[in-house]
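In: next input, structure requested:
(2 chains)
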Amino acid sequence: MQTSFTPEQLADPQVAESEKILRKCVHCGFCTATCPTYVTLGNELDSPRGRIYLIKDMLENSRPADAQVVKHIDRCLSCLSCTTTCPSGVDYMHLVDHARIHIENTYRRPLIDRLIRAVLAAVLPYPARFRAALRLAKLGKPFAPLIGKFDTLKPLGAMLALAPEHVPAARQTVSAAPVSAVRRGRVAILSGCAQSVLHPGINAATVRLLNRLGVEIAPVEGEGCCGALVHHMGREEQALDFARRNVDAWTRQIEAGGLDAIIITASGCGTTIKDYGHMLRLDPAYADKAARVSALAKDITEYLASLDLPRQETKGLTVAYHSACSMQHGQKITMAPKLLLKNAGFTVRDPAEGHLCCGSAGTYNILQPDISAQLKARKVRNIEATKADVIATGNIGCMTQIGSGTAIPILHTVELLDWAYGGPKPEGFAAKA
Amino acid sequence: MSEKIEFLQPRAAVLQRRETIIGDLLEVLGADGLIHEPRELVPFETDAFVSYRRLPLAVALPRNTAQVSTTLKYCQRYGIPVVPRGAGTSLSGGAIPQEDAVVIGLSRMSKILEVDLFNRTATVQAGVTNLSISETVSPEGFFYAPDPSSQLACTIGGNIGMNSGGAHCLKYGVTTNNLLGVKMVLMDGTVIDLGGKYLDSGGYDLLGLICGSEGQLGIVTEATVRLLAKPEGARPVLFGFETSEHAGSCVSDIIAAGIIPVAIEFMDKPAIEICEAFAGAGYPLDVGALLIVEVEGSEAEMDDMLASIVTIARRHEVKTVRKCQSATEAALIWKGRKSAFGATGRIADYICMDGTVPLSQLSYVLRRTGEIVESYGLRVANVFHAGDGNMHPLILFNANDPVEAAKAEEAGNEILKLCVDAGGCLTGEHGVGIEKRDLMRHQYAEVDLSQQMAVRAAFDPQWLLNPSKVFPLEGRPAA
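Out: Numbers count the residues shown, from 1 in each chain, chains lettered A, B, ... in the order given. You can find the predicted model right below:
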């Protein structure tokens, strides 16, 4: 598509990159069909093609963001379904990242919105703060429906409604368990932020399984939130600080004992860590190190698929596999998790409309509760139609979102795999299976 | 932006009343149903014919036929032009608005109203996507046959407007052969029903008239379409040839022998490379041209037809014949073909032609197309529905270079004239839109055009519906 930027505008490397992305779009409109918000709202402004056009218009005119543009960009889930569909190879992810940074830098949001975002950015990425906040939220939970009645307070209501009834105790995830006789590799596991608070059992299962398979877990000091949560809010500096901290932590390990992979058990984080090389490309002190980290980043299922696990007896259990958007669209991992589950003895079903987001999308279910609720209902309907015994997925956000809408137990893929290969029956599933 | 094709001058009386019109339409459609903020109108200024752009006055997103009716009645009363829009995937600019027009977008009317498997029909709202009809009835073993390459996104309303075709139309016919009925709103707001759950209705074939009328006779809000039972089996086979001429003459011979496969699709070398890079479908890269021939039926039927086709292909020195081995492979072969236009965007901007020629002329027109594009110093990729002679040369250019953009347009016009001169026509399935409007006199005599315009005026005497399209601006009757 034609663009009109001046040489002065193109001197900004971020604008230059966005211009290249825009030039690839041929405005064919294929992306509209698989966009969850377009399918839900039926307005091209809430579709990838509409947003691309809004961003183009804003950047070409070097205009600060305004309420209209912000409304439609905010409604984007960043699920990246459009990039899977796009035949032209438009890098929508980096275009919308740029737009979000531009919004954060040039637009002043209404007070309530600013407060809620500030709270999210100050709490979610920090496990201790998040745990404390969840305990506090339990007290507020009964008031969620009432608070949700006020339009501007809806995000607050959604936040309270999402808080779990039970907050697991803090847990040390990296065990010093002995590695089996044959050593097959040495990896780091991202401990991350929200997942370690909400569901520490996921990384515990990962460690057990990898140890049994002969994979050594490197003790990594000083890593934490990957930065995705604030990155998607356009808080670039904060996101880059998180990225640098993690790059430093892993680089120490790479240089000390060597790492075969950096294992990530939340695909949302995986998408971001695989993008560190790009996020830090303009930082000469970090560009190379970040690219090395990104190259080593692997989703747990991606890594397990390389280990050639033995085929297991059938379990007589049907699993509905929900592919998180960050897994299928962000990282293009589609077959590996399903093949691993099948190989481990589970019957795997694909819910209809698997390309559509469940509405979790980081902080989206808090910031856009109405659209998120519609997507959740649609997703749950499709999953329940498979009549599966259990749902497996690879992202904590989806687990929380879908889990709040169905009675079918939902587990991380690795929890089922750990169980199938000699680990304990997953927590929260023991009663049923 | 390209400026060669003109739009009608906006009506000053309409522009002056802008605020009043918006206020009135907000009452009809509600705040959520009308887009009127200048910023928010920008994404509606074009469709997939992206070199031309005009901002609309407002965009209406009605939720039902009644709202469409009230809006049209209002626009007729105040002489406001109306441009219908489905998914905005038109390659001829059929959905590009103009400054004094209200766009009526059907994207919110996207429900499948009834599936009647006993009568093998589906009744759907106009904003339903083409593919979703087949997806809905697929578990029961049925499908909706016309399959434009944009079928993932394009709407049935848009398909009716352009009488869209697709790869599998060689056997099953285009939209008009699969459309049984419509609910349509006329410009004065009258709602009419045409046809029904049967193949032919009494009286004039008004349905045939509506199909392909490019949104100039009324706005279709519901359609009843034919469902077909899925074949026992289907198998795409790849035939690689030394040159485009070999492949072209092979197609002519297959059809001349009375063999009608489900699809015969053509790709030349540049198109093969583009599609293979995107889809990884296993298209042979060492050939000059490729045919995707799909046969269907029982194993014996498929083998039988395939054997006849292979015999003909051998006469044209076919280099490779590759049968597809699995459903996944078949899906990739079609994914690559159906994404061809978009995938071309990876290497260049393009405009896509849509001329249709008699099959005996295929090789000649292909050769001349190459020569024409070369004479402008540009490149071309050919990927098209060879079985029905529907050519789609993609002329590659750089949209940020105005000289090149103008050359691409001129080359395109020359190619379309070539198609007409070879005994064909300007458009196979993309419609005239604005793109081919000024070439209509190359195809039609004045008397043909004036009769067509008389029919159009019978439905819309004020020429308010999609007014800048189809008919050349000069020589129109005074409205």
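
In: and stretch B:277-287 with chain A, contact?
Out: Yes: Stretch B:277-287 reaches chain A (C-beta under 8 Å from any C-beta of the partner chain) through residue B:278. In short, each C-beta sits where N, CA and C put it, glycine included.

In: mind listing the helices for the stretch 201-350 of chain A?
Out: Along the stretch 201-350 of chain A, counting by DSSP state H, counting those that start in this stretch, helices occupy A:201-212, A:228-231, A:236-256, A:267-273, A:276-279, A:287-296, A:300-305, A:325, A:336-343.

In: so which of those helices comes closest to chain B?
Out: For chain B, the closest of the helices of the stretch 201-350 of chain A is helix A:336-343, at 13.8 Å, according to C-beta to the nearest C-beta.

In: buried set for stretch A:332-345?
Out: Taking 16 or more other C-beta atoms under 10 Å in any protein chain shown as the basis for neighbour counts, the residues of stretch A:332-345 that come out buried are A:333, A:336-338, A:340-345.

In: then stretch B:371-390?
Out: For stretch B:371-390, the neighbour count (16+ other C-beta under 10 Å) marks B:372-373, B:376, B:378-390 as buried.

In: and of these, the nearest to chain A?
Out: Looking across the buried residues of stretch B:371-390 and measuring by C-beta to the nearest C-beta, the closest to chain A is residue B:383, at 12.2 Å.

In: quick check: the residue of the stretch 151-300 of chain B nearest chain A.
Out: Among residues of the stretch 151-300 of chain B, the one nearest chain A by C-beta to the nearest C-beta turns out to be residue B:153. It sits 4.0 Å away.

In: thought that residue was touching residue A:35?
Out: No: the pair formed by residue B:153 and residue A:35 falls short of the contact definition of C-beta atoms under 8 Å, at 10.0 Å.

In: find residues that contact each of those two.
Out: A shared contact of residue B:153 and residue A:35, defined by C-beta atoms under 8 Å, 6 or more residues apart in numbering or on different chains, is any residue touching both; here there are none.

In: residues contacting residue 112?
Out: Reading this off chain A. For residue A:112, the contacting residues are A:152-153, by C-beta under 8 Å, 6+ apart.

In: hm, I was asking about chain B
Out: Listed by C-beta under 8 Å, 6+ apart, the contact partners of residue B:112 are B:122-125, B:128, B:132-133, B:136.

In: beta partners for it?
Out: Residues found in beta-bridge contact with residue B:112 (criterion: DSSP bridges) are residue B:124.

In: how close does it get to chain A?
Out: Here the criterion is C-beta to the nearest C-beta, to the nearest Å. By it, residue B:112 lies 14 Å from chain A.

In: where do the domain boundaries of chain B fall?
Out: If the domains of chain B are taken from automatic domain parsing, they occupy B:12-105, B:112-229, B:234-341, B:348-421, with pieces of a single domain joined by a plus sign.

In: distance to residue A:416 and mean pLDDT added to these, as CSV?
Out: Compiled in CSV, the domains of chain B are given as follows (distance: least, C-beta to C-beta, whole Å; pLDDT from 0 to 100):
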stretch, distance to residue A:416, mean pLDDT
domain B:12-105, 40, 98
domain B:112-229, 28, 96
domain B:234-341, 25, 94
domain B:348-421, 44, 95
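
In: and of those domains, who's closest to residue A:356?
Out: Shortest separation from residue A:356 across these is recorded for domain B:112-229, at 12.8 Å, computed as C-beta to C-beta.

In: the stretch 301-450 of chain B against chain A: which residues are in contact?
Out: That would be B:339-346, B:349-350, B:399-400, B:405, which are the residues of the stretch 301-450 of chain B within reach of chain A (C-beta under 8 Å from any C-beta).

In: for the stretch 251-400 of chain A, which residue gets nearest to chain B?
Out: Here the residue of the stretch 251-400 of chain A nearest chain B is residue A:352; by C-beta to the nearest C-beta that distance is 8.8 Å.

In: how close does that residue get to residue A:301?
Out: Note on residue A:352: its distance to residue A:301, by C-beta to C-beta, to the nearest Å, is 22 Å.

In: same question, residue B:298
Out: Residue B:298 sits 40 Å away from residue A:301 when distances are taken as C-beta to C-beta.

In: what's the answer for residue B:100, then?
Out: Separation of residue B:100 from residue A:301 (C-beta to C-beta) stands at 56 Å.

In: relative to helix A:236-256, how tilted is the helix or strand hosting residue A:98?
Out: Remark: residue A:98 resides in helix A:92-106, with elements defined by DSSP states H and E. Orientation check (axes from the mean of the first three to the mean of the last three C-alpha atoms, to 10 degrees): helix A:92-106 against helix A:236-256 gives 130 degrees.

In: list the buried residues of helix A:92-106.
Out: Of the residues in helix A:92-106, those buried (16+ other C-beta under 10 Å) are A:92-104.

In: and which of those residues is nearest residue A:263?
Out: The closest of the buried residues of helix A:92-106 to residue A:263 turns out to be residue A:93 (C-beta to C-beta; 22.3 Å).

In: now residue B:208. Nearest residue, chain neighbours left out?
Out: Counting by C-beta to C-beta, 6 or more residues apart in numbering or on different chains, the nearest residue to residue B:208 once its immediate chain neighbours are dropped is residue B:176, at 5.9 Å.

In: for the one you found, which three-state class applies?
Out: For residue B:176, the reduced secondary structure class is helix; criterion used: DSSP: H, G, I helix; E, B strand; the rest coil.

In: what does residue B:290 give?
Out: For residue B:290, the reduced secondary structure class is strand; criterion used: three-state DSSP.

In: residue contacts, it?
Out: Taking C-beta under 8 Å, 6+ apart, we find residue B:290 in contact with B:238-241, B:247, B:266-268, B:272, B:283-284.

In: need those residues in a markdown table (columns: neighbour count).
Out: As requested, those are exported to a markdown table (neighbours: other C-beta atoms under 10 Å in any protein chain shown):
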| residue | neighbour count |
| --- | --- |
| B:238 | 22 |
| B:239 | 27 |
| B:240 | 23 |
| B:241 | 25 |
| B:247 | 29 |
| B:266 | 27 |
| B:267 | 29 |
| B:268 | 26 |
| B:272 | 25 |
| B:283 | 24 |
| B:284 | 16 |
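
In: could you dump these into CSV with secondary structure and distance to residue A:322 added?
Out: Formatted as CSV, the entries for the contacts of residue B:290 read as follows, by DSSP: H, G, I helix; E, B strand; the rest coil; distance: C-beta to C-beta, whole Å:
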residue, secondary structure, distance to residue A:322
B:238, strand, 36
B:239, strand, 41
B:240, strand, 41
B:241, strand, 45
B:247, helix, 44
B:266, strand, 40
B:267, strand, 37
B:268, strand, 42
B:272, helix, 37
B:283, coil, 33
B:284, coil, 38
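
In: next SSE downstream of the helix or strand bottoming out on mean pLDDT in chain A?
Out: Of all the helices and strands that make up chain A, the one with the lowest confidence by mean pLDDT, DSSP states H and E is helix A:144-147; it has a mean of 82. Using DSSP H and E, the next helix or strand after helix A:144-147 towards the C-terminus is helix A:154-162.

In: with only the CA atoms kept, save that following helix in CSV.
Out: Written as CSV, here are the backbone C-alpha positions of helix A:154-162 (Å, rounded to 0.1, in the frame of the first residue of the first chain):
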residue,chain,number,x,y,z
LYS,A,154,-15.9,-1.9,35.1
PRO,A,155,-12.2,-2.8,35.0
LEU,A,156,-12.0,-2.7,38.8
GLY,A,157,-15.1,-5.0,39.0
ALA,A,158,-13.4,-7.4,36.4
MET,A,159,-10.2,-7.4,38.5
LEU,A,160,-12.0,-8.4,41.6
ALA,A,161,-14.1,-11.0,39.8
LEU,A,162,-11.0,-12.6,38.4
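
In: the residue nearest the centre of chain B: which element?
Out: When C-alpha atoms, centre = their mean is applied to chain B, the residue found nearest the centroid is residue B:430 (3.3 Å). In this structure, residue B:430 is located outside every helix and strand according to DSSP H and E.
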